[in-house]
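Asks: how does the following fold in three dimensions:
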Amino acid sequence: MSDPNFLILYVRSPIESVAFYSGLLGKQPAEASPTFAMFPLDSGVMLGLWAAHTVQPTATAAGGTEVAFAVDDNDAVRTLHAAWSARGIPIAQPLTEMDFGYTFVALDPDGHRLRVFAPSTP
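Replies: Presented below is the predicted three-dimensional model:
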């Protein structure tokens, strides 16, 4: 079996989410329609934004998830925190040292959690 290579977020408005993620990722989607958009990420993973009202079978909330962005060091975490805060992106968890590293959590327009972290060094 191959590793997962596609992440899909169910969103209210793909158009609004494309604007948000284009600014966040610094790139435009490779594919976009009124109900779906797809961003190829540098890691090789594809990020899909799918209009929740068109998902079949109907999606139900099964628990919380996060999209995580690992960065090189604590300075990179602070830099992204400042940049995202300046853009008005809601911050759900302020800059915090946790057992796995230095981190913060922001929210996209649909409330999906976006965690930025610099892994702790052993």
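
Asks: does Leu24 count as helix, strand or coil?
Replies: When the structure is split into helix, strand and coil by DSSP: H, G, I helix; E, B strand; the rest coil, Leu24 lands in helix.

Asks: list the contacts of it.
Replies: Going by CB atoms under 8 Å, 6 or more residues apart in numbering, Leu24 touches 84, 89, 108, 114. The C-beta positions use only the backbone N, C-alpha and C, and glycine is treated the same way.

Asks: how many neighbours does Gln28 have?
Replies: The number of residues packed near Gln28 is 11, by other CB atoms under 10 Å.

Asks: same check on the one 3 residues further on?
Replies: Other residues lying near Glu31 total 11 when counted by other CB under 10 Å.

Asks: again, but for Ser85
Replies: Burial of Ser85 is recorded as 14 neighbouring residues (other CB under 10 Å).

Asks: on that earlier part again, so of the contacts of Leu24, which ones are in helices?
Replies: Trp84 (DSSP state H).

Asks: of all the contacts of Leu24, which two lie farthest apart?
Replies: Distances among the contacts of Leu24 were taken as CB to CB; the most separated pair is Trp84 and Asp108, at 10.5 Å.

Asks: strand partners of the helix or strand encompassing Leu49, parallel vs antiparallel please.
Replies: Take DSSP states H and E as the rule and Leu49 turns out to sit in strand 46-51. Looking at strand 46-51 with DSSP bridges, its paired strands and their directions are strand 6-11 (parallel), strand 36-40 (antiparallel).
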